[in-house]
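> fold the following.
(2 chains)
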Amino acid sequence: MKYIATVEDKQFLVEIIDDKHISVDGKMYEVDFESVSGQPVYSLIVDGKSHEGYVAQGDDNWQVLLRGRLYPILVEDEREKRLRSAAGGGVAETGEFHLRAPMPGLVVTIPVEEGQQVKKGQVLLILESMKMQNELKSPRDGTIGRVRVKAGETVEQKQTLLSVI
Amino acid sequence: MFKKVLVANRGEIAVRIIRACRELGIETVAVYSEADRHALHVRYADEAYLLGPAPSRESYLRADKIIDVARRCGADAVHPGYGFLAEREDFAAACADAGIAFIGPKPSSIAAMGDKAEARATVIKAGVPVVPGTEDVGNMTDEELLGKASQIGFPLLIKATAGGGGKGMREVESLEDMPTLLQSARREAESAFGDGNVYLEKLLEGARHIEIQILADTHGNVLHLGERECSLQRRHQKLLEEALSSAVDDDLREKMGSVAVKAAKAVDYVNAGTIEFLLDKDKNFYFLEMNTRLQVEHPVTEMVTGIDIVKEQIRVARGRTLSYKQEDVNFNGHAIECRVNAEDPYNNFLPSTGRITHSLLPTGPGVRVDTGVYPGFEITPFYDPMIAKLIVWGETRAQAILRMRRALEEYRIVGVRTNIPFHQTMMDSHRFMGGQYDTRFVEERFSMDDAGEGKDAYAETAAILATLVAHRETERSANIVNRNERDTSNWKWVGRWERMHR
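This is a model prediction of the structure:
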């Protein structure tokens, strides 16, 4: 089975040969891969070099915590990769952006209103959580679509707050 | 000797205080909110009593309930920790009225230093230099503040009169921005301290935040335990502290120490306290404020002096003299503390909540971890995001940095995002290694991408890990789909299986 793993701007072609062998960009490695006591923590020995990492599934990628650093990694098989390049990238620049609550909290203020033009980096909403007021900003230029919450409202994690069209 | 101490706090500091009491053979009483039934401080204490619902206003800030609990369980002293009721003179006074010792300063000292504007006035009288700002005490209206602002000059800081911990604090670049910032500062101060009053202070550029730890007893002895370097902050929240500071030499330490002692004496101070200073490039220092309580970062001072500050606090509260004289205070090696917060450094330090599913603490030589969490504990949005303090000691600053790097690598917390990668990037930063930083460093000249070399070294390994896990998941889901696809009927299959096991 062949996979393409994309780490930031780098790509690795990883082929899984059998339980103990893989190749990365054509180079063979002997691997020993174990999950540590049922946790999402994995011990990996590659040609005698021992690594321990935490691997979690993100919204559309894998998050690997290795030696304290977090690597967001997209893993696709060849078919998925072809599909995605056919569909074309750059989803973030067009279409609707839904601002979701990154954590549960209290909506303090919403300094924008429906139909308003906003710039990238402009504050869309202030959410209080853990005694801190957190500014949630727009990832791009656009117009405010529907605002689904009101100031003073308590919101759950991942709840949609408003959208930018 | 106290028989029983009530700890009016939660989290790591409650655990820290309980530990000191245990070592002294004192019984401990924890109080907790509905969200903290499973918290470590509840599990460690000899007794535990419920205060009320999760929000602090209904639990940890309920002075009346806490004093009531103390009375009913027969506690003879209350330790307030930091935050919550630690700097509330009315609480200290209420404890005294109830005949319970308050392990902290006198209500009058808390009042004098707690109102930041009054504190400035008091220390100016004692001849301690202060940062230029509004000298009038409290209660200024927005109009008055806007009027004063141009006299002080920009950039300046709006600070909460009742403040601490960076809450209700705003930086102002120009007069136009000021009205909105005043509003948000007042709003935050109101919600954090129940007091929306603010004052102004000039923002010194290129300055370091240096603080001096003070210990004072009821017999008039006041001594200082040297300085802590707390310049690494983000949004006025300290992230990393060191003892001692690479910017302070013996002469300057002597000078700052004696000024700090003078400031403490000006308010007739008793117990542990901290005088915060700003140190500019030319080594001029200015009084910022006094924290009339135990500080979050007290362990770095404990590591280099060998003095257990919490035990000294308890000793002083019993009316005994300090166990040390100024000449007994010696500094050995270097200590660094990293505050491990449930914040995502890759996503603008947004707080992260959730259940800690896995946690492996760093151990080994020279490492200390003060924490209130454990695997299975839920990080809720009700309290501050600090989950642990990682403290290391080294013979030299360089040794301490290397040790911290190692300890951070060992520390694994799964379930919530933490700022550990931030600290690792900091340990690798050349500016940090060289001690070349000020209070603006994190916000203006530091980036998570600075990691430089080494960062990509493990990209390939990470890719292999992700692929193997993804592959395993794919295989597993394929197996679930195919589970019932056996080539023969299930009855026949069971028959074969039984025969095989006969």
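
> what about the stretch 401-502 of chain B, any weak spots by pLDDT?
Along the stretch 401-502 of chain B, the parts satisfying pLDDT under 70 run over B:450-456, B:479-488, B:502.

> can you give me the helices for it?
Under the criterion DSSP state H, counting those that start in this stretch, the stretch 401-502 of chain B contains helices at B:420-428, B:430-433, B:441-444, B:459-481, B:490-500.

> next one: the stretch 201-350 of chain B
Along the stretch 201-350 of chain B, counting by DSSP H, counting those that start in this stretch, helices occupy B:250-266, B:298-305, B:309-317.

> before we move on, what about the stretch 51-200 of chain B?
Counting by DSSP H, counting those that start in this stretch, the stretch 51-200 of chain B has helices at residues B:63-73, B:89-97, B:107-114, B:116-125, B:142-152, B:178-193.

> tell me which residue lies farthest from the centre of chain A.
Ranked by distance from the centre of chain A (Cα atoms, centre = their mean), the top residue is residue A:48, with 30.9 Å.

> for burial, what's the neighbour tally of residue B:67?
Neighbour count for residue B:67, taken as other Cβ atoms under 10 Å in any protein chain shown: 21. Just so you know, the C-beta spots here come from the backbone N, C-alpha and C atoms, and that holds for glycine as well.

> that one and residue B:196, how far apart?
Between residue B:67 and residue B:196 the distance is 26 Å, computed by Cβ to Cβ, to the nearest Å.

> need the helices of the stretch 51-200 of chain B in JSON lines (columns: mean pLDDT and distance to chain A).
Compiled in JSON lines, these are given as follows (pLDDT from 0 to 100; distance: least, Cβ to the nearest Cβ, whole Å):
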{"stretch": "helix B:63-73", "mean pLDDT": "97", "distance to chain A": "19"}
{"stretch": "helix B:89-97", "mean pLDDT": "96", "distance to chain A": "19"}
{"stretch": "helix B:107-114", "mean pLDDT": "92", "distance to chain A": "19"}
{"stretch": "helix B:116-125", "mean pLDDT": "86", "distance to chain A": "19"}
{"stretch": "helix B:142-152", "mean pLDDT": "85", "distance to chain A": "18"}
{"stretch": "helix B:178-193", "mean pLDDT": "86", "distance to chain A": "6"}
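
> tell me the most buried of the ones you listed?
Sort those by mean neighbour count, taking mean count of other Cβ atoms under 10 Å in any protein chain shown, and helix B:107-114 sits at the top with a mean of 22.

> what angle separates it from helix B:178-193?
150 degrees (axes from the mean of the first three to the mean of the last three Cα atoms, to 10 degrees).

> what's the offset of helix B:107-114 from the middle of its chain?
With Cα atoms, centre = their mean, to the nearest Å as the basis, helix B:107-114 stands 21 Å off its chain's centre.

> picking that back up, okay, the helices of the stretch 201-350 of chain B, which one's buried deepest?
Across the helices of the stretch 201-350 of chain B, averaging neighbours per residue (mean count of other Cβ under 10 Å) puts helix B:298-305 on top, at a mean of 25.

> thinking residue B:291 is in contact with residue B:269, fair?
No: counting by Cβ atoms under 8 Å, residue B:291 does not reach residue B:269; the two are 11.3 Å apart.

> picking that back up, can you say which of the helices of the stretch 201-350 of chain B is nearest to residue B:416?
helix B:298-305 (22.5 Å; Cβ to Cβ).

> so what touches that closest one?
Identification of contacts with helix B:298-305 by Cβ atoms under 8 Å, 6 or more residues apart in numbering or on different chains yields B:213, B:225-226, B:228, B:241-244, B:272, B:307-310, B:329-337, B:368, B:370, B:389, B:391, B:393.

> check for me that residue B:15 belongs to a helix.
Yes: assessed with DSSP: H, G, I helix; E, B strand; the rest coil, residue B:15 lies in a helix.

> who's in contact with it?
Going by Cβ under 8 Å, 6+ apart, the list of residues near residue B:15 reads B:40, B:41, B:44, B:370, B:371, B:372.

> how far away is the fifth one from residue A:154?
What that stands for is residue B:371. Using Cβ to Cβ, residue B:371 is found at 28 Å from residue A:154.

> pull the helix or strand with minimum mean pLDDT from chain A.
In chain A, no helix or strand scores lower on mean pLDDT, DSSP states H and E than helix A:78-87, which sits at a mean of 74.

> by contact count, what packs against it?
For helix A:78-87, the packing partners by 3 or more Cβ pairs under 8 Å, 6 or more residues apart in numbering or on different chains; DSSP states H and E come out as strand A:2-7.

> how far does the strand it packs on sit from its chain's centre?
How far strand A:2-7 lies from its chain's middle: 16 Å, per Cα atoms, centre = their mean.

> next, the buried residues of the helix or strand just after it.
Next helix or strand after strand A:2-7 toward the C-terminus (DSSP states H and E): strand A:10-18. Residues of strand A:10-18 classed as buried by neighbour count (16 or more other Cβ atoms under 10 Å in any protein chain shown): A:12, A:14, A:16.

> okay, the angle between the one helix or strand residue A:44 maps to and helix B:459-481?
Secondary-structure assignment from DSSP H and E places residue A:44 in strand A:41-46. With the same axes, to 10 degrees as the basis, strand A:41-46 and helix B:459-481 are set at 120 degrees to each other.

> who does strand A:41-46 pair up with?
strand A:27-35 (antiparallel), strand A:49-57 (antiparallel) (DSSP bridges).

> just the mean pLDDT for it, thanks.
Averaged across strand A:41-46, the pLDDT comes to 91.

> next, the distance between the ends of stretch B:371-388.
Across stretch B:371-388, the terminal residues are separated by 4 Å (Cα to Cα, to the nearest Å).

> that one and chain A, are they touching?
Yes: applying Cβ under 8 Å from any Cβ of the partner chain, one finds stretch B:371-388 in contact with chain A at B:381, B:382, B:383, B:384, B:385.

> was I right to think residue B:2 contacts residue B:101?
Yes: applying Cβ under 8 Å, one finds residue B:2 in contact with residue B:101, separated by 7.0 Å.

> overlap of the contact sets of these two?
In contact with both residue B:2 and residue B:101: B:76, B:77, B:317, B:318, using Cβ under 8 Å, 6+ apart.

> CA atoms only: put stretch A:117-134 into CSV for me.
Provided in CSV are the C-alpha atoms of stretch A:117-134 (Å, rounded to 0.1, in the frame of the first residue of the first chain):
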residue,chain,number,x,y,z
GLN,A,117,-17.1,44.0,5.1
VAL,A,118,-14.1,42.7,7.1
LYS,A,119,-10.4,42.4,6.5
LYS,A,120,-8.1,39.5,7.2
GLY,A,121,-7.1,39.6,10.9
GLN,A,122,-10.0,41.8,11.9
VAL,A,123,-11.5,40.8,15.3
LEU,A,124,-14.9,39.1,14.7
LEU,A,125,-15.8,38.0,18.2
ILE,A,126,-14.4,38.1,21.8
LEU,A,127,-14.9,34.9,23.7
GLU,A,128,-14.1,34.6,27.4
SER,A,129,-12.8,31.4,28.6
MET,A,130,-10.4,30.4,31.4
LYS,A,131,-10.6,34.0,32.7
MET,A,132,-9.1,35.3,29.5
GLN,A,133,-10.7,37.3,26.8
ASN,A,134,-9.8,35.8,23.5
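
> report whether it contacts chain B.
Yes: using Cβ under 8 Å from any Cβ, stretch A:117-134 reaches chain B at A:126, A:128, A:129, A:130, A:131, A:132, A:133, A:134.

> assumed the first one was part of a strand.
Yes: counting by three-state DSSP, one finds residue A:126 located in a strand.
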